[in-house]
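Undergrad: I would like the atomic coordinates for the input below:
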Amino acid sequence: MSFYTTVCLPDRVEVITDGAAWDRDGVVRRFSRKIYAVPGFPAAVTTRGHCATAENVTASIIRLFERAGSYDRAMEILAQIVPTLPSHMRSDNHIEVVIAGMSEILGPVTHVWATRAPADGMEAFTLVSSHRGFICGNEIAPDQHAKIAFCGGLRRGAVEMVDFFRRTADPSVRVEGMPSDGRLPIGGHVDLTTVRADGVTTERLHTYAEDRVGERIDPFASDPSVTSLMTRAERRRLAKTQKRAVA
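TA: Predicted structure coming up:
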């Protein structure tokens, strides 16, 4: 799963995304931008999960905006479509979809839906919205939002935030072929996307030079005081699996 954070501020929505696409063994297959501006609209779409499914859904949402003609109308239509999708999607192709934009009525807002419930209290295949923002499916708490707003947005702490999640294990996460500690391959780069009423911009804040295609991400590789996460046995096993298909 990719990393993302969105935060709604008085005149904009900011989105932090990483850039690593990896297979079921946790091996990086490519680095790419994971957020796309919606042409002609103050909106951007990012996704995480099954790559091919996410790309198809992103393209469909962009076409929906073209037909709807406005952010609010697009979200109204999407809220009706999303609950009908289970019968059209494979259950194992999990994705989470995030739309950051400027509502014509309500201003800065973030909409999220997922094929599995992304957080407690949220339902799968249900479009939800927030005027604070989300961190990987979890709505930002009021005190967290106040701190981010006080600091002027996400820019100041963006790289440190991604570093934290790169190095933090979530034991509840289980990915085929990967270590059971739940540490996910977040990385490649850190992008900051800003959505304003007059358009969308994306800026590269940081590139992880130590992350490489064809290898698992080791978030401690650039820190000589920390032993590499991969054992010799893991490196041998990785060499045998690098040609497996991308998830």
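
Undergrad: Torsion angles phi and psi at residue 5?
TA: The phi and psi values for residue 5, taken as degrees, to the nearest 10, are phi -140, psi 130.

Undergrad: Surely it touches residue 132?
TA: No - applying CB atoms under 8 Å, one finds residue 5 not in contact with residue 132, separated by 11.2 Å. Every C-beta, even on glycine, is put in place using the N, C-alpha and C of the backbone.

Undergrad: From residue 208, how far off is residue 63?
TA: Distance from residue 63 to residue 208, counting by CB to CB, to the nearest Å: 33 Å.

Undergrad: about what we covered before: give me the common contacts of residue 5 and residue 132.
TA: Counting by CB atoms under 8 Å, 6 or more residues apart in numbering, the contacts common to residue 5 and residue 132 are residue 140.

Undergrad: residue ranges of the helices in this structure, please?
TA: 51-68, 71-81, 142-150, 158-167, 232-241 (DSSP state H).

Undergrad: between these, which gets nearest to residue 94?
TA: Minimum separation from residue 94 across those (CB to CB) falls at helix 51-68, 8.3 Å.

Undergrad: Outside of the closest one itself, which residues are in contact with it?
TA: The contact list for helix 51-68 (CB under 8 Å, 6+ apart) reads 21, 36, 38-41, 43, 45, 47-48, 71, 74, 76-78, 81, 89-90, 93, 95, 97, 99, 246-247.

Undergrad: Name the spans of this protein whose pLDDT lies under the cut-off.
TA: 1, 118-121, 169-184, 223-247 (pLDDT under 70).

Undergrad: still on that earlier bit, kindly reformat the helices of the chain as TSV and extend each row with mean neighbour count and distance to residue 10.
TA: Converted to TSV, the helices of the chain look like this (neighbours: other CB atoms under 10 Å; distance: least, CB to CB, whole Å):
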stretch	mean neighbour count	distance to residue 10
helix 51-68	16	23
helix 71-81	16	17
helix 142-150	13	8
helix 158-167	17	19
helix 232-241	11	47
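
Undergrad: between these, which one is nearest to residue 125?
TA: helix 71-81 (9.8 Å).

Undergrad: Which elements pack onto that closest one?
TA: helix 51-68, strand 95-103, strand 107-114 (3 or more CB pairs under 8 Å, 6 or more residues apart in numbering; DSSP states H and E).

Undergrad: Tally up the residues packed near residue 197, please.
TA: Neighbour count of residue 197, defined by other CB atoms under 10 Å: 12.

Undergrad: same thing with the one 5 residues further on?
TA: Using other CB under 10 Å, residue 202 is surrounded by 16 other residues.
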